[in-house]
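Participant: Build the 3D model from these lines:
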Amino acid sequence: MDSGGDISGNGFGGGKRCITSFVDGGSVESHRYFLARRTLLQMLRDRGYIIPESELALSLSDFRSAFGQKPDLERLRVCAFLRSNPTKKILVIFCGTDEIRKQIMVGILNQIINKDSLHRVVLILQSKMNSHARKLVDEYSVRVETFQITDLLVNITKHVVWPKHEILAADEKQTLVKKYNVEDNQFPRMLENDAIARYYALEKGQVVKVSYSGTFTDSLVTYRCVT
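Facilitator: Alright, predicted model coming up:
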């Protein structure tokens, strides 16, 4: 709450603010897309893609000014390049609210042009995807990831009780393996569909350093290998 406000006041002068001034008067739809797109951009940045700071700092009101109360899904698309290798590009597509069937997925994938320059594709879903559509995704020439929009309304890596995760580079992993004389199957496991593994797009064999702070538990560092 700001220092000049007092939601207990009746709204008649004195610098007091009515509680209704804290209510979001915009559409739920635009707020939902704003939150999901913000988490998405943070996720891409954390994966090493080039995301302008101005995009990350966009406020809800600025988002609505740019995209409206009922955003056009095509305008919400995001295209970004990998900082370490700008030839690798990722494309993010927001899908509609209808169930994703084979024909709808064919239409979505047919909209993608210049596939040769794509490193991967991310689809943000708002409904279920049936098995026939899923098969198309799995067989697509570019790797496709899917997220439900509800998975992106909150950035799990920023939660106060969430431990810190650091992805080890290949040489850092080898140093760790030599130090403790262990193999991949001797590390605590992290499944490939774990929320953190999906956030960072981790692949099998990668090792994550997990650091727990002393706020809610004793300080602890452990390592997990993606399987």
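Participant: Okay, now the unreliable bits of this protein?
Facilitator: Confidence mapping of the chain against pLDDT under 70 gives the ranges 1-23, 214-218.
Participant: Could you tell me how far the strand ranked longest in it lies from the centre of the chain?
Facilitator: Ranked by residue count under DSSP state E, the longest strand found in the chain is strand 85-94. Centroid displacement of strand 85-94 relative to its chain, using C-alpha atoms, centre = their mean, to the nearest Å, is 14 Å.
Participant: State the next helix or strand along the chain beyond the longest helix along the chain.
Facilitator: Ranked by residue count, the top helix of the chain under DSSP state H comes out as helix 28-47. Scanning the chain past helix 28-47 towards its C-terminal end, the next helix or strand to appear is helix 53-56 (assignment: DSSP states H and E).
Participant: can you give me the offset of that following helix from its chain's centre?
Facilitator: Using C-alpha atoms, centre = their mean, we find the averaged C-alpha position of helix 53-56 to lie 15 Å away from the chain's own average C-alpha position.
Participant: Other residues contacting it?
Facilitator: 38, 41, 42, 45 (C-beta atoms under 8 Å, 6 or more residues apart in numbering). Every C-beta, even on glycine, is put in place using the N, C-alpha and C of the backbone.
Participant: Return the member of these nearest to residue 135.
Facilitator: Minimum distance to residue 135 across these is 29.8 Å, recorded for residue 41 (C-beta to C-beta).
Participant: so who does the residue positioned nearest the centre of the chain touch?
Facilitator: Centroid check for the chain by C-alpha atoms, centre = their mean gives residue 40 as the closest residue, at 3.7 Å. With contacts taken as C-beta under 8 Å, 6+ apart, residue 40 has the following neighbours: 78, 92, 122, 124, 152.
Participant: Can you flag which of the residues you listed belong to strands?
Facilitator: When DSSP E defines the strands, the subset of the contacts of residue 40 inside them is 78, 92, 122, 124.
Participant: got a winner among these for most neighbours?
Facilitator: Comparing the ones in strands among the contacts of residue 40 on neighbour count, residue 124 comes out first with 23 neighbours (neighbours: other C-beta atoms under 10 Å).
Participant: which residues does that one form a beta bridge with?
Facilitator: Residues in a beta bridge with residue 124, per DSSP bridges, are residue 94, residue 147.
Participant: Pop the domain breakdown of the protein in here.
Facilitator: Taking automatic domain parsing as the criterion, the chain consists of the domains 28-152, 156-226.
Participant: Endpoints of the last one, how far apart?
Facilitator: The first and final residues of domain 156-226 sit 18 Å from each other (C-alpha to C-alpha, to the nearest Å).
Participant: and what of the first one?
Facilitator: Distances were taken as C-alpha to C-alpha; on that basis the terminal residues of domain 28-152 are 15 Å apart.
Participant: what's around residue 183, how many residues?
Facilitator: Residue 183 has 8 nearby residues by other C-beta under 10 Å.
Participant: got the end-to-end distance for stretch 74-83?
Facilitator: Stretch 74-83 end-to-end distance (C-alpha to C-alpha) = 24 Å.
Participant: Pull the residues that contact it.
Facilitator: Outside of stretch 74-83, the residues within contact range by C-beta under 8 Å, 6+ apart are 33, 37, 40-41, 44, 48-51, 67, 87-94, 119.
Participant: again with stretch 124-143
Facilitator: Judged by C-beta under 8 Å, 6+ apart, the contacts made with stretch 124-143 from elsewhere in the structure are 36, 40, 92-102, 104-106, 109, 112, 115, 118-121, 123, 144, 146-149, 152.
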